[in-house]
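Q: Model the following, please.
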Amino acid sequence: MSRIIGALALSFAIVGCASDVANRYYGQQTYPPKVASEVKVLDGAPSRPYVVIADLQGRHESVSDLREQAAQIGADAVLVARLGGYASVYTNWAGRDPYSGSDAHIVGTAIKYK
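A: Residues are numbered from 1 along each chain as shown. Just a heads-up that it's a prediction; the model follows:
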C-alpha cells in the first residue's frame, strides 16, 4: 500500500512540475530549419494557399519565441494570437499570475505555403 501511495505522490509531483508549453505537429513530412528572420509573423490567415504544420503555445513566451519555434520546424509563417487580457489582482484563475496584469498565454499556428 505504501508503494502505491508513493507512486501516486511521485506522479503528482511530476505533473506539478510540467511546463505549460504544448506543441502539436501535423503530418509526417519534415522540413529543413530556417533562420527565424525568414519566418513571417501574421495576425490573420494569408490569402495564398497553405497547410498547417503545427500548433504552438506557451505561457510567458514572446512572438519571437514562437517565430523561433516555427523556424526550427521549417515553417514559412506563424499566425500569432494572444489569449487573455487585463486581470485584477483579486482574480484567482488557475495558472494565472494575478500580479502580472494580463494572461501571458500566446498561441501560434505554423504554416507552410503550397
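Q: just checking, residue 53 touches residue 75?
A: Yes - counting by Cβ atoms under 8 Å, a contact exists between residue 53 and residue 75, whose distance comes to 6.0 Å. Just so you know, the C-beta spots here come from the backbone N, C-alpha and C atoms, and that holds for glycine as well.
Q: Have a look at these two and say which one is more surrounded.
A: Neighbour count, other Cβ atoms under 10 Å: between residue 53 and residue 75, residue 75 has more, with 29 against 20.
Q: Now do the contacts for that one.
A: Residues counted as contacts of residue 75 (Cβ atoms under 8 Å, 6 or more residues apart in numbering) are 31, 34, 39, 53, 54, 110, 111, 112.
Q: Find residues that contact each of residue 53 and residue 75.
A: If you check residue 53 and residue 75 against Cβ under 8 Å, 6+ apart, the residues they both contact are 31, 110, 111, 112.
Q: Next, the first one: secondary structure please.
A: What DSSP: H, G, I helix; E, B strand; the rest coil gives for residue 31 is coil.
Q: how close does it get to residue 68?
A: 15 Å (Cβ to Cβ, to the nearest Å).
Q: out of the shared contacts of residue 53 and residue 75, which are buried?
A: The neighbour-count criterion (16 or more other Cβ atoms under 10 Å) marks 110, 111, 112 among these as buried.
Q: So which of the residues you listed belong to strands?
A: Under the assignment DSSP state E, these contribute 110, 111, 112 to strands.
Q: which stretches of the protein aren't confidently modelled?
A: Within the chain, the stretches falling below the threshold (pLDDT under 70) are 1-22, 84-104.
Q: go again using 80 as the cut-off
A: Low-confidence segments of the chain (pLDDT under 80): 1-22, 27, 58-61, 82-105.
Q: Quick one: the strands in it, in order.
A: Secondary structure of the chain (DSSP E): strands located at 21-25, 40-42, 50-59, 77-83, 105-113.
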